[in-house]
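1. Sequence first, predicted coordinates after that:
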Protein chains: 4
Amino acid sequence: MFVVITAVGPDNVGLADPIIHYVTGLGANITEIQMYDHDEEAIFAMFLRIQIEADLYASLRAALTEIGRLKKLSIRVWSAEIRQESPRLAICTTYRPEPALAVLEAIQSGEIEATPAVMIGNRDHCQQLARQFGVDWHSIGGEMGEANDDRMIDLLDEYDIDYVLLARYMRILPASSCWKYAGGRIINLHHGLLPSFPGIRPYHDANEARMLTFGATCHFIVPELDAGNQIIHQETFSVEPGTKIDEIVRIGQEINEPACLVKGLKRVVNREIELHFHRVVARKTS
Amino acid sequence: MFVVITAVGPDNVGLADPIIHYVTGLGANITEIQMYDHDEEAIFAMFLRIQIEADLYASLRAALTEIGRLKKLSIRVWSAEIRQESPRLAICTTYRPEPALAVLEAIQSGEIEATPAVMIGNRDHCQQLARQFGVDWHSIGGEMGEANDDRMIDLLDEYDIDYVLLARYMRILPASSCWKYAGGRIINLHHGLLPSFPGIRPYHDANEARMLTFGATCHFIVPELDAGNQIIHQETFSVEPGTKIDEIVRIGQEINEPACLVKGLKRVVNREIELHFHRVVARKTS
Amino acid sequence: MFVVITAVGPDNVGLADPIIHYVTGLGANITEIQMYDHDEEAIFAMFLRIQIEADLYASLRAALTEIGRLKKLSIRVWSAEIRQESPRLAICTTYRPEPALAVLEAIQSGEIEATPAVMIGNRDHCQQLARQFGVDWHSIGGEMGEANDDRMIDLLDEYDIDYVLLARYMRILPASSCWKYAGGRIINLHHGLLPSFPGIRPYHDANEARMLTFGATCHFIVPELDAGNQIIHQETFSVEPGTKIDEIVRIGQEINEPACLVKGLKRVVNREIELHFHRVVARKTS
Amino acid sequence: MFVVITAVGPDNVGLADPIIHYVTGLGANITEIQMYDHDEEAIFAMFLRIQIEADLYASLRAALTEIGRLKKLSIRVWSAEIRQESPRLAICTTYRPEPALAVLEAIQSGEIEATPAVMIGNRDHCQQLARQFGVDWHSIGGEMGEANDDRMIDLLDEYDIDYVLLARYMRILPASSCWKYAGGRIINLHHGLLPSFPGIRPYHDANEARMLTFGATCHFIVPELDAGNQIIHQETFSVEPGTKIDEIVRIGQEINEPACLVKGLKRVVNREIELHFHRVVARKTS
C-alpha cells in the first residue's frame, strides 16, 4: 500500500528526524522524499511517499499523529487505497457557480463516483448551490473576501476529505496549506492554457495576443513549483476572428471550464493518473 | 473597389514618390499606406490599399507596371474583387503531404471553392501528389533543400496566383517575397499554437512544458511583424497524460494540421475575413 | 532638411489624402510613411518623414496647419534641424523626483545642452523641484491622479516642445498623444530592463526571477509597437545574493534610473541617434 | 559540521532506505533531503545535507562508501569544512580560453584562493593554456567533440575536486553527473543574462530583442531545475546603438565573461554564499 505523509513545522531538523526515524524503524520502503522551505518565512515541510503492508496503516497513522502532537508538527497520513466507499470531495468556490455545478451534476448522474462532502467559499455566491444539492456549506471569507486559510484546513480534516477542488476559487492557497494536502490531493481549475497564460486575466491575455483558441487547465497544486508540470487535463475552444471578448469569456465560463474540471476530476477519482515526483503520470495498473 | 499595391525597391525615396504621385493623381482614396525597410539590407517596400472605381483597375495596373519597368521597381497590383472565377492558389510544400492533400480534397469535394493552379516544392516529396490531382508541379529546391525564392515569385506571377499556401513549407520566405505578396495573400500553417509555441519543434516544446493540449495555427505572413497578430484559425487536440510524443506528433500531422489549414483557407477564400492594418478582422458585409 | 509630419483624425481616407496631395505637390521626397489605426476606437494616424529644401519649411508648416484647421485634423510639422538654440524639453513626472532632478542638474552643469521649458505632473510631488530650478510647472492630474491627456498635448504645443521626457511619469499616454509627437520625440524612462521586464513592478519581477542584475531602460515611445525595439540606452547594477528588495529598489531609484535617463537624453539631444523605421540607429554624419 | 551526501541509483527504494537508515542511526540531524528521478530513464538520485560532529566525518564517509559498494549505488560524501588547504578546482573548457585564463590568473595573483587541480576539455583548444600554468590536462572529447561524461566524473573523483567550473564548457552535463556533484559544487558560466536569455546564442538573441545591455551569469547547476534560481553573480556591459554584433560578442567574450566568472567563483571559494533548498543565499556567519 502506498501512503503519503506530509508534515509542516517551524524548522527543518525537528521536522525531518522524528518522522524519518519512525518510518524507517517500521520497515517501510521510502519511494519519494522531499523537503521544502518557505522562501521568506521560517516554515518547513516534508513530503514522504512510502510503501507499507496495509495492516500497518492504522498504527502508522496513530503513531505519526502522536508524534505531531508531541513535537508540535502538523502531520497528515493518507492513502488513496484505504477507503472502501467513493472518495470524499471538498468543493471550494468564490463567485462563479458553473464548475461546481457541473461537478455536482456529474456526481448526481453517476458520471463521477465521488461524495461531495462539503462546499467551502470565501464568498457566499455558491451557498444556494450547496443547499440545492444538499451539501454542507461553510463560509471562510471575511468582509473583503479574504480567506481564513486555517479554517479551511480544519474543515478539510474534519470532513475527512480525500481531494480538494478549487472550482474557480479565486484566492491563492498559502504554501503551508498546499504542503499539508500535498501528493496530488488539491485540484485547481485555471481559466487559461498553462503555462502560456497564467495570471488572473487569461482570457484577456490570450485575446490581446490575438489568439483564436482559448482554454482551461485542470492541474494539481504543488507548492513553490510552476503549475505547468502537473496538468491533469486541458480543454479548449476556438472562435471566429472578431469574436468579442465578452462572448469568449462567456463560452469559457459557461461551457469550457465546467467541462474541463469534470474531465480532469474524473481522471483523478478513477485513479487513471497520479503524481510521481512532481509530474502527472498514467498510473500503472497490473 | 479595394486594390492592393505592393512595391519593392533599393531605396525609399525612389520607391514611394512615383507611385504616390500616380495614385493620388488618379483620384484614388488611400485607405492604408505603410513603408518598410529591411533591417540589414538596402531593401525598401511600400504597401498601399486604395479605393478606386472598378473601371479604373486595368489602367491602374498597366500604369504601375510601366512605372515599375521604368524605375526598376518590383510593383504588383491586385484586388480580391476583380476575378470572376474562383481564386487561384499556389500550394507550397516540403516533406509532409497531409495539409496539401487535405486542401486538394476539400477543393475536389467542393468544400473550398478555389483553383489549385500550381504546386511548388523545395523538396520533391509531394510531386506525386500534384500529379495525382493533375496540378502543375515545380521544384524550386537545390540539393540541400535550399529554395530559389526568386523562382517562386516568378511562378506566382506567371500562374496569376491570388493566394499562396505554405502547407508545411519549411523554408522562411525572405522579407522581399513577403512584401511582394503582402496584404493577406500568403497563408502559413504553423504546427503549434502561436504565439506561445513558435519555432521549429512546437510539439516537443509544448510537450516539454507538460501541456496536454496541442495545436496548429493558420495565419497570414506579415513581414517583420510577430505572427501572433494575424491568426486566421487555430485548431487543437488534447491527449491523456503519458501520451508519447510520437503519438502526439502523429495526431497533429495527420489529423489536426490538415483540418486547421482547410478551415483557415476556407475563411480566406470565402472572404469572411481580411487584413486590416496588420490585424485579421471579420470583413464587413453590407 | 528632414521634416516629420504627424496627423491624427477620425477616418483613414480623409486623413491621408489631403496631406499626401499637398506634400507630393510641393516636390518633397517621402522617406518614410506609415498609417496606423487604433485597435478599438475610430482613430487613425499618419506619420511622414520627408526631405525638403530648408526654405520651404515655413510655408509647409503654415499650409499643413491650415489643412488641419479646414479638415479638422490634428496635424504637426517638426524638424530637429530648424531651431537655432538648444532643444526645448517638457519633463513629465508623477511621484519620484530623482530622474527629473538629475536631468535638471545635468542641464545646469552644461552636461546636457537643452532648455527645460516646462514641467508637467499628474501628481504634485515634483512641483517644488520645478520651482527650485525656475521651471514653469503645470498640474494635469485629477484627484485620483488621472491625467488630462489633452491638456498635456496643449501644453507641449504651447511651450513649443521638441522632446517630451517621461521621467518616471506613471500614466500610459493614449495612442493619440503618442502619434501626435511621433518620430522620436517622446522619451520614456522604464525602471526595468526591456524587453525582459516590462510592467509596473520590474524590480520585484527581476528579483523573483532570482536575478542579481537590475536595470533601467531609456527608450522612445512608439504607439502600438513593442517598446523593446526603440531602446536608446540601458543602465544596470548588480547586487550580492541576499540583498533585500528595498535596497535594490533604492539603488535603482536613487542612482541607476537618473543615470540612465541622463545618458539616454544626452544621446537624443546631441542627435547621436535617430528613429529609422521604428528602430533606433546611429545617425549618419557626413 | 555540515555534510553533503549524494547518491545515484537505478531505483528509488533501494536508493533511499540504506542511506537513511545509516544516517539516522548515526544520530545525524537531517537539514535537507530531496529525491529526484529522471524524466525518461530509470535513474534516481537522493540529496542529503546533514549536520554531524566533525569527528564522525571520516567514519561516515567510509561507511557510506561501503554501502555504495555493496548496494551498487554511486554515493559521494563531501563537506566544505573539512579541507585544511584551499579548495581544489576542476576547470572544464571547450573552445574559448578567456574565462579559464582569467581564473588561472586570479589564482596566480592571489585574488582567488584555490588550487587549479585539473583542466578537462571535450576539445583540445585549451590544452596549451593548462600547460602554460602547469595544470594537468585531460581530454574527454571524441572526434565530434562528444564528451565522455563518465570519464569526467572519474577525473573529478580522482583529483579530489571540491568545485567544478564549467568555463564556457559547451556540453550539457547529464542529470546523473549533476546529481553526483550536487549541493553547490558545479559552477557554470552562461554567456547571457538568465533567465531572460538562455540558449546557445544569447548575444544574438538579446541583440535581436534590440537590447543595448548584454551580460553573463555565473550560477550553480542544479539538475532538472531552471537555472535562474541559482545565480551567484551577473556582470553586464552596455553598448551604443548601432554597435555590431561581432563587437558585442567580442566585448562579452574577452572582457565581461571572464570578469563574471572570476567574481562568481570568488564568492563560492570564500564561502560568502551557499545553496539552501535550490536557492543561493548569503551564508550566515556568526
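-> Sure thing, it's come through.
2. what residues does the stretch 101-250 of chain A put near chain B?
-> Selection of the stretch 101-250 of chain A residues close to chain B by C-beta under 8 Å from any C-beta of the partner chain yields A:193-196, A:209-213, A:215, A:228-236, A:238, A:240-242. C-beta here means a position set from N, CA and C on the backbone, and glycine is covered the same way.
3. wait, what's in contact with A:Val280?
-> Counting by C-beta atoms under 8 Å, 6 or more residues apart in numbering or on different chains, A:Val280 makes contact with A:219-220, A:229-232, A:273-274, B:210, B:241.
4. For it, which non-adjacent residue is closest in space?
-> Residue nearest to A:Val280 in three dimensions, not counting chain neighbours: B:Pro241, with 4.7 Å by C-beta to C-beta, 6 or more residues apart in numbering or on different chains.
5. Looks to me like A:Gln128 is in a helix.
-> Yes: using DSSP: H, G, I helix; E, B strand; the rest coil, the assignment for A:Gln128 is a helix.
6. neighbours around it, how many?
-> 10 (other C-beta atoms under 10 Å in any protein chain shown).
7. can you check A:Gln234 too?
-> Counted with other C-beta under 10 Å, A:Gln234 comes out at 24.
8. Chain B versus A:Asn148, what's the distance?
-> When distance is defined by C-beta to the nearest C-beta, to the nearest Å, A:Asn148 is 32 Å away from chain B.
9. give the contact list for that residue.
-> Contacts for A:Asn148 (C-beta under 8 Å, 6+ apart) come out as A:140-142.
10. so can I have JSON lines of those residues showing neighbour count and pLDDT?
-> What follows is the contacts of A:Asn148, written out as JSON lines (neighbours: other C-beta atoms under 10 Å in any protein chain shown; pLDDT from 0 to 100):
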{"residue": "A:Ile140", "neighbour count": "20", "pLDDT": "97"}
{"residue": "A:Gly141", "neighbour count": "17", "pLDDT": "95"}
{"residue": "A:Gly142", "neighbour count": "10", "pLDDT": "94"}
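11. Go through those and name the one nearest chain B.
-> Nearest to chain B among those is A:Ile140, at 30.9 Å by C-beta to the nearest C-beta.
12. Could you pull out the helices in the stretch 51-200 of chain A for me?
-> Counting by DSSP state H, counting those that start in this stretch, the stretch 51-200 of chain A has helices at residues A:57-71, A:98-108, A:127-132, A:149-158, A:175-180.
13. follow-up on the earlier one: quick one: which of the contacts of A:Val280 sit in strands?
-> Among the contacts of A:Val280, the ones falling in strands (DSSP state E) are A:219-220, A:231-232, A:273-274.
14. could you redo those as TSV and give each row distance to chain D?
-> Supplementary listing: the ones in strands among the contacts of A:Val280 in TSV, determined by distance: C-beta to the nearest C-beta, whole Å:
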residue	distance to chain D
A:His219	18
A:Phe220	17
A:Ile231	15
A:Ile232	18
A:Ile273	16
A:Glu274	13
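15. From those, which one has the minimum pLDDT?
-> In terms of pLDDT, A:Glu274 ranks lowest among the ones in strands among the contacts of A:Val280, with 92.
16. Roughly how far does the residue nearest to that residue when sequence neighbours are not counted sit from A:Ala106?
-> Leaving aside its sequence neighbours, A:Glu274 sits nearest to A:Arg283 (C-beta to C-beta, 6+ apart; 4.7 Å). Distance, A:Arg283 to A:Ala106, using C-beta to C-beta, to the nearest Å: 21 Å.
17. Neighbour count: these two, which is higher?
-> Between A:Arg283 and A:Ala106, counting by other C-beta under 10 Å, A:Ala106 is the more crowded of the two (21 against 15).
18. Which pLDDT value goes with that one?
-> For A:Ala106, the pLDDT comes out at 98.
19. I'd guessed it sits against A:Leu261; true?
-> No: A:Ala106 is beyond contact range of A:Leu261, at 9.1 Å (criterion: C-beta atoms under 8 Å).
20. Spatially central, which residue of chain A would that be?
-> For chain A, the residue nearest the mean C-alpha position is A:Ile186 (0.8 Å; C-alpha atoms, centre = their mean).
21. What number of neighbouring residues does the closest residue to that residue other than its chain neighbours come out with?
-> In this structure, A:Ile186 finds its nearest non-sequential neighbour in A:Ile221, 4.1 Å apart by C-beta to C-beta, 6+ apart. The tally of other residues near A:Ile221 (other C-beta under 10 Å) stands at 20.
22. show me the contacts for A:Ile221.
-> Residues in contact with A:Ile221 (C-beta under 8 Å, 6+ apart) are A:166, A:173, A:178, A:186-188, A:227, A:230.
23. A:Asp11 too?
-> Counted by C-beta under 8 Å, 6+ apart, A:Asp11 has contacts A:42, A:44.
24. Quick check: it vs chain C, distance?
-> Separation of A:Asp11 from chain C (C-beta to the nearest C-beta) stands at 20 Å.
25. what are the phi and psi angles of A:Asp205?
-> Taking degrees, to the nearest 10, you get phi -60, psi -40 for the backbone angles of A:Asp205.
26. Now that we're looking at it, what pLDDT does it have?
-> If you check A:Asp205, the pLDDT there is 96.
27. wait, A:Ala147 sits on A:Pro174?
-> No: contact between A:Ala147 and A:Pro174 fails when scored by C-beta under 8 Å: they sit 9.3 Å apart.
28. what number of residues lie near the closest residue to chain D within the stretch 151-286 of chain A?
-> The stretch 151-286 of chain A approaches chain D most closely through A:Phe277 (4.7 Å), counting by C-beta to the nearest C-beta. For A:Phe277, the count of nearby residues is 18 (other C-beta under 10 Å).
29. shouldn't it be in contact with A:Glu32?
-> Yes: under the criterion of C-beta under 8 Å, A:Phe277 makes contact with A:Glu32 at 6.3 Å.
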